[in-house]
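1. Kindly return the folded structure for what I paste below:
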Amino acid sequence: MKNIHSFENASEKLDSFIREKAHSYSKMRNYDFGALKDNFVSGLSPAITRRILTEGYVVNKVLEFFPFYAVEKFIQEICWRTYWKGFLEHRPKIWQNYLQDLNSLESQKEDQNYIKALSGCTGIDCFDSWSKELRHNNYLHNHTRMWFASIWIHTLNLPWQLGAELFMENLYDADPASNTLSWRWVAGIHTQNKYYIASAENIKKFTGGAFYPKKQLNKNPKTFTWENFEPENFNFQDYQKPKNVNCILIHENNLSLQDIPDFKYMLIQQKSLQNIARSKKVCRYIDKALKDLKKRIEVKFSGKVIPFNFENFHPIQNFLYKNKIGEVYSPYPSIGFLKNKLADIENKRNINFKYFYNSWDILFWPHAKKGFFKLKKQIKPIIRDLDQIKLNRSKF
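-> Got it, this is the predicted structure:
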């Protein structure tokens, strides 16, 4: 994970995955044999989350080597993160409620069960091992995250919101949408009457016998009050990508050069956002990724690059006022902490942000109003529409 903060290193890791593991991904992806090098997943999620590598780029590269049917499961997994983001865009109240819940649950952090879960002292060997792995490596295999969340909620009887917060603080690849909604899904409040219960036999099988928590896990789900969130309508029908702008702001949520228009001035975030509780290693990872992006931008673009930190935005406000800049363009940050921060800046500093969107999101998000399988049906035609794959159609 440490070595994929740059486009170059992330691309090399993708090439290695394609050569060595992509052919076995569908069959072996659910197995967690411990170290990332021993598993059959790509390990690219931190780079994809921050769009060091865009989803389209990854799909394009994989389909240069494999027909669609051979890597369909891998592409679907990439699209799950897209689905989560789109679903939350349709239901922003879920994010607002989650933040309110965290404030009300602050006192529960003094509970001994919570403290034991964080320190890996619950007496459930697999869970305790994963809890320590999470803090040490800032990563957990996706299947393991499901087991962890299930035990946290249904066996240890801890609030799902605090578990989601724990992941948000420690995972290199955590983003508000996929993290919050995945925890809600395990709890059984994403889709009514559908929850995830970790099984001792399942854990034994997919850890290769490393763990077998026989008679330690609750087989009955914890029940929650169901709340239906009707999707809010939004569309991109009238959206037009900007072509030439005066000022653009680049942030940690989108480190791609793909959709950046020509600009006169670029404000580029220098340090990770500090209003999010995150481990020092996660912050350092983001800092390195931002530093690498700045180098790439200075090579590719001729506009003036101006570093800034969100925690000291006053100099930028003065710069914008001095240069009579009323609108600042920026990649859409998606619902979450960063969007909240930009909204706060707009309100307090009288700055107008105008967002531009990635083509991937424009085409996929309208299909994320309900369950994943509605979006799943659109994956192949959307990839064709994006013209990502310049290959013979027989590849499909």
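2. Every contact and neighbour count from this point should use C-alpha atoms.
-> Fine.
3. Would you confirm that residue 28 contacts residue 22?
-> No. Using C-alpha atoms under 8 Å, residue 28 is not in contact with residue 22, being 9.8 Å away.
4. hey, what's in contact with both of these two?
-> Here residue 28 and residue 22 have residue 40 as joint contacts, going by C-alpha atoms under 8 Å, 6 or more residues apart in numbering.
5. neighbour-wise, which of the two wins?
-> Neighbours per residue (other C-alpha atoms under 10 Å) separate residue 28 from residue 22, with residue 22 holding more: 24 against 15.
6. ok, that one - contacts?
-> Residues near residue 22 by C-alpha under 8 Å, 6+ apart: 40-42, 71, 74.
7. which residue ranges form the helices in the stretch 1-150 of the chain?
-> Secondary structure of the stretch 1-150 of the chain (DSSP state H, counting those that start in this stretch): helices at 7-20, 25-28, 45-49, 55-63, 72-90, 92-104, 112-119, 125-137, 142-150.
8. per-residue confidence for the residue nearest to residue 273 when sequence neighbours are not counted?
-> Of all residues not flanking residue 273 in the chain, residue 310 sits nearest, at 6.7 Å (C-alpha to C-alpha, 6 or more residues apart in numbering). What the model reports as pLDDT for residue 310 is 96.
9. same question, residue 344
-> With respect to pLDDT, residue 344 has a value of 95.
10. Count the residues that sit near residue 143.
-> Other residues near residue 143 number 15, with proximity taken as other C-alpha under 10 Å.
11. Report the contact partners of it.
-> In this structure, residue 143 makes contact with 30-32, judged by C-alpha under 8 Å, 6+ apart.
12. For the longest helix along the chain, give me every contacting residue.
-> Counting residues, the longest helix found in the chain (DSSP state H) is helix 280-300. Residues from elsewhere that reach helix 280-300 (C-alpha under 8 Å, 6+ apart): 2, 5-7, 52, 138, 169-172, 252, 255, 257, 268-272, 305.
13. returning to that earlier point: identify, out of the helices of the stretch 1-150 of the chain, the most deeply packed stretch.
-> Comparing those by mean neighbour count (mean count of other C-alpha atoms under 10 Å), helix 45-49 ranks first with a mean of 23.
14. Restricting to C-alpha, output that helix in PDB.
-> C-alpha atoms of helix 45-49 as PDB (Å, rounded to 0.1, in the frame of the first residue of the first chain):
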ATOM      1  CA  SER A  45      -8.200   0.200  -3.800                       C
ATOM      2  CA  PRO A  46      -6.400   3.200  -2.200                       C
ATOM      3  CA  ALA A  47      -5.300   4.400  -5.700                       C
ATOM      4  CA  ILE A  48      -8.700   3.900  -7.200                       C
ATOM      5  CA  THR A  49     -10.500   5.500  -4.300                       C
END
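15. And it, how far out from the chain middle?
-> 7 Å (C-alpha atoms, centre = their mean, to the nearest Å).
16. With stretch 218-226 instead?
-> Relative to the chain's own centre, stretch 218-226 is displaced by 26 Å; criterion: C-alpha atoms, centre = their mean.
17. model confidence over that stretch, on average?
-> Summarised as a single mean, pLDDT over stretch 218-226 is 92.
18. what about that stretch, start to end distance?
-> Between the start and the finish of stretch 218-226 there is a gap of 21 Å, counting by C-alpha to C-alpha, to the nearest Å.
19. which residues sit against that stretch?
-> 151, 153-155, 157, 187-189, 192, 195-199.
20. out of those residues, which one sits closest to residue 340?
-> residue 189 (24.1 Å; C-alpha to C-alpha).
21. picking that back up, surely the residue nearest to residue 273 and residue 268 touch.
-> No. The criterion here is C-alpha under 8 Å, and residue 310 misses it with residue 268 at 10.1 Å.
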